[in-house]
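Enquirer: how would this look folded up:
(one chain, ligands or ions: 2)
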Amino acid sequence: MNKFIQSLPKVELHLHIEGTLEPELMLELAQRNSINIPFNSVEEIRDAYNFHNLQSFLDIYFQGADVLVHEQDFFDLTWAYLLRCQEDNVLHTEIFFDPQAHTERGILFDTVVNGIDRALNKGVSELGITSKLIMCFLRHLDEESAFKTLTQAQAHKDKIIGVGLDSTEIGNPANKFERVFKQAIEQGFLTVAHAGEEGPADNISEALSLLKITRIDHGVRCSEDASLVKQLVSERIPLTVCPLSNIKLKVFDRMEQHNIVTLLRQGVCVTINSDDPAYFGGYMTDNFVAVNNAHPMNKAEIAQFTFNAIEASFVSPSEQERLR
Ligand code: ES4
Ligand code: ZN
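Expert: Numbering: from 1, shown residues only. Ligands and ions are numbered 1, 2, ... in the order given. Sure, this is the predicted structure:
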């Protein structure tokens, strides 16, 4: 089945580009940009990737992102990820970036977007991999900072299709960003949000009702509310699930306890994604294989994850045809 999974065309919908920073590139950029990091080798970096929850990961993730300074750094990061997509037969990818992780330390918004965008364009022309770019607001920062970020995005509406919400879920409810999301929608941005990763099912319902999002990032805790699961099925509201991430951050103790295959069989539009693959131990194929090892599926079920992802993607109907 692993051969089938490897060759299966894939669509990724939940990927933080800063989370694709492999230790080798982190060390190279730290040196190139004279940034101090508390690691001297690839082994030391990998040894630090033992997380006990979301926050312990986020601390390391933001620290890693500090080595990204110049437009070329963001290009190199994105290009390396696209080459991994090619290996895994990922045909289309929708990428998150965290502008505030960079603007907060004095990097220009334009530097970040232009570097990522240049690599994505090269991905289309040289690899045939299409993509969309989604800007996430960091939910641990305040509304004012999110509004400022939305303003900075105005000059890049040709490059950014939507807005999302990530970082610390607990203690930062959706209502903190209701007005920002309303304005983003009025400006034509599509909207998604992380919800129900560490927080309860109510966070998913609130993200849907208050932020008017069209798909949910993670959302695995929906299973705690049967009426919510029913709504997800009947309204075909997609979940971008990240199995290896959920294990690394202890959302589930073991893959055998993960609910993604149960949700698939209940008719929820679930998808498989890699989230922060450099930190969580695997890219797209690795995530599919890990799920199938713990929950053996037939080929039609495995392929359904790709059909769901095509349906849940932000590509136009004609682009969808190419993926099918
Ligand atoms: C994230 Cl796994 C996860 N959850 C919330 N925010 C994030 N940012 C990057 N990875
Ligand atoms: Zn995420």
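Enquirer: and the pLDDT for the closest residue to Gly282 other than its chain neighbours?
Expert: Leaving aside its chain neighbours, Gly282 sits nearest to Leu244 (4.9 Å; criterion: C-beta to C-beta, 6 or more residues apart in numbering). For every residue, glycine as well, the C-beta is placed using N, CA and C. Predicted confidence (pLDDT) for Leu244: 98.
Enquirer: quick one: Leu244 is in a helix?
Expert: Yes. Under DSSP: H, G, I helix; E, B strand; the rest coil, Leu244 falls within a helix.
Enquirer: show me the contacts for it.
Expert: The contact partners of Leu244, by C-beta atoms under 8 Å, 6 or more residues apart in numbering, come to Ser274, Asp275, Pro277, Phe280, Gly281, Gly282, Asp286, Asn287, Ala290.
Enquirer: what's the span of stretch 238-245 from first residue to last?
Expert: Length of stretch 238-245, first residue to last, C-alpha to C-alpha, to the nearest Å: 18 Å.
Enquirer: where's that stretch relative to the chain centroid, distance-wise?
Expert: Put simply, stretch 238-245 sits 9 Å off its chain's centre (C-alpha atoms, centre = their mean, to the nearest Å).
Enquirer: buried residues in that stretch?
Expert: Pro238, Leu239, Thr240, Val241, Cys242, Pro243, Leu244, Ser245 (16 or more other C-beta atoms under 10 Å).
Enquirer: and of the residues you listed, the nearest to Val180?
Expert: Thr240 (20.7 Å; C-beta to C-beta).
Enquirer: I'd like to know how far the closest one sits from Asp166.
Expert: Per C-beta to C-beta, to the nearest Å, Thr240 is found 12 Å from Asp166.
Enquirer: overlap in contacts, those two.
Expert: Asp217.
Enquirer: can you map out the strands along the chain?
Expert: Using DSSP state E, the strands of the chain run over 10-16, 90-97, 130-138, 162-166, 190-195, 215-218, 239-241, 270-272.
Enquirer: could you dump those into JSON lines with distance to ligand 1 added?
Expert: What follows is the strands of the chain, written out as JSON lines (distance: least, C-beta to the nearest ligand atom, whole Å):
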{"stretch": "strand 10-16", "distance to ligand 1": "4"}
{"stretch": "strand 90-97", "distance to ligand 1": "7"}
{"stretch": "strand 130-138", "distance to ligand 1": "7"}
{"stretch": "strand 162-166", "distance to ligand 1": "3"}
{"stretch": "strand 190-195", "distance to ligand 1": "5"}
{"stretch": "strand 215-218", "distance to ligand 1": "7"}
{"stretch": "strand 239-241", "distance to ligand 1": "11"}
{"stretch": "strand 270-272", "distance to ligand 1": "14"}
